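Novice: Whatever this is, show me its structure:
(one chain, ligands or ions: 1)
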Amino acid sequence: MMLDVLTARNIKKTYSSGYRAVNGVSISIKKGECVGLIGESGSGKSTLARCLLMLEKLEEGEIFLYDKPLHLMKKREIRKVRHHMQAVFQNPSAAINPKLKIMDSLMEVLDTHPEITPVYIQDVREDRERCAARLMEMVGLPKRYLYCYPHELSGGQKQRVSIARAISIEPSIIILDEPTASLDVCTQQQILNLLKELQKQLNLSYLFISHDLSTVYFLSERIFVMKEGVFLDSFYKDELFSLQRHPYTKKLISLFES
Ligand SMILES: Nc1ncnc2c1ncn2[C@@H]1O[C@H](COP(=O)(O)OP(=O)(O)OP(=O)(O)O)[C@@H](O)[C@H]1O
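Specialist: Residues are numbered from 1 along each chain as shown. From the prediction side, this is the model:
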């Protein structure tokens, strides 16, 4: 039996304000699968993402990365496994250090883990520059940008760098939290196409978070619908238009179709 890459059970998170942003959700993601998470602003998607990445202290619940129980680990142990879970966030400018050349931001994770050599950079791993150039090529960026600073790149190009850094280490899972929300419509579609191609090519596992049903539908095989901290509905993509869908999902569909 194939183990799920990531399994989360009964996750709860209440902020110090007393607001429970995530109220008992469970989710599992298989190797090579893209699971979509859709919900309106404030439904708790980003809080859940931060919980799964162990960036928030859980109030309750269990998180397993393969068979490793992250919720039982000490901070020091979590630091050792965290690189297996990469993330791409909405704002690439905030994710890339403005003072570093693109090469140094891109190579950050691989530099920290010299013991890891993904197969797609195996032949160039010893040569930092060629390795960085390979990653740039994989996300459709010219090599010359390696020597630029982030302000010399567009938002879409910076997001490609974030994606290249996320895949650089061949992580078990990539959490994509609204990765196209800050981009124009044309660039959004290019980034979605890139993510889809990379997923197929490298057999990546994604949790793709968005408030937009059409983008979630485009990328995901399975979809979870979140509202007010709980999952209202979950289904395979081809069941989206089934009559059994939750009324809230039907409402999202009607917005999507209009
Ligand atoms: N650090 C925090 N302290 C207190 N409340 C918070 C904190 N972060 C988020 N919240 C609250 O938790 C709820 C869920 O927020 P969250 O960012 O997880 O939602 P979201 O679905 O990702 O929304 P968006 O799509 O707008 O990013 C919101 O009501 C928000 O105000």
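Novice: show me where this protein has strands.
Specialist: 6-14, 20-29, 34-38, 60-65, 68-69, 85-88, 173-177, 206-210, 222-227, 230-236 (DSSP state E).
Novice: Quick check: mean pLDDT of the last one?
Specialist: Confidence over strand 230-236 (mean pLDDT, whole number) is 97.
Novice: repeat for the fourth one
Specialist: When pLDDT is averaged over strand 60-65, the result is 97.
Novice: buried residues in that strand?
Specialist: In terms of neighbour count (16 or more other CB atoms under 10 Å), strand 60-65 has its buried residues at 61, 63-65. In this view, the C-beta of every residue, glycine as well, is placed from N, C-alpha and C.
Novice: what about that strand, distance to the chain center?
Specialist: Distance of strand 60-65 from its chain centroid, counting by CA atoms, centre = their mean, to the nearest Å, is 18 Å.
Novice: Tell me the strands beside it, with direction?
Specialist: Strand 60-65 pairs in its sheet with strand 6-14 (antiparallel), strand 68-69 (antiparallel), by DSSP bridges.
Novice: ok, and does the first one reach over to the ligand?
Specialist: I take that to be strand 6-14. No: Strand 6-14 stays out of contact with the ligand when judged by CB under 6 Å from any ligand atom, the minimum separation being 8.5 Å.
Novice: Give me the contact list for that strand.
Specialist: Outside strand 6-14, the residues that touch it by CB atoms under 8 Å, 6 or more residues apart in numbering are 20-29, 44, 47-48, 51-52, 56, 58-65, 85, 172-173, 205, 207.
Novice: Please repeat the previous calculation with a cut-off of 7 Å.
Specialist: For strand 6-14, the surrounding residues in contact (CB atoms under 7 Å, 6 or more residues apart in numbering) are 20-29, 47-48, 51-52, 56, 58-65, 173.
Novice: what comes up buried for that strand?
Specialist: 6-8, 11-13.
Novice: Against the ligand, how distant is the residue lying closest to Lys30 once chain neighbours are set aside?
Specialist: Nearest residue to Lys30 in three dimensions, chain neighbours excluded: Asp4, at 5.5 Å (CB to CB, 6 or more residues apart in numbering). Asp4 sits 23 Å away from the ligand, going by CB to the nearest ligand atom, to the nearest Å.
Novice: which ones are touching Asp4?
Specialist: 28-30.
Novice: repeat for Ile191
Specialist: The contact partners of Ile191, taken as CB under 7 Å, 6+ apart, are 156, 159, 179-180, 183.
Novice: And for Glu56?
Specialist: When contacts are counted by CB under 7 Å, 6+ apart, Glu56 touches 13, 47, 50.
Novice: returning to what we had before: so which of the contacts of strand 6-14 are also by the ligand?
Specialist: Subset of the contacts of strand 6-14 in contact with the ligand: 21, 47, counting by CB under 6 Å from any ligand atom.
Novice: how many other residues sit next to the nearest residue to Gln188 once chain neighbours are set aside?
Specialist: The shortest distance from Gln188 to any non-neighbouring residue, by CB to CB, 6+ apart, is to Thr180 (4.0 Å). Counted with other CB atoms under 10 Å, residues neighbouring Thr180 total 25.
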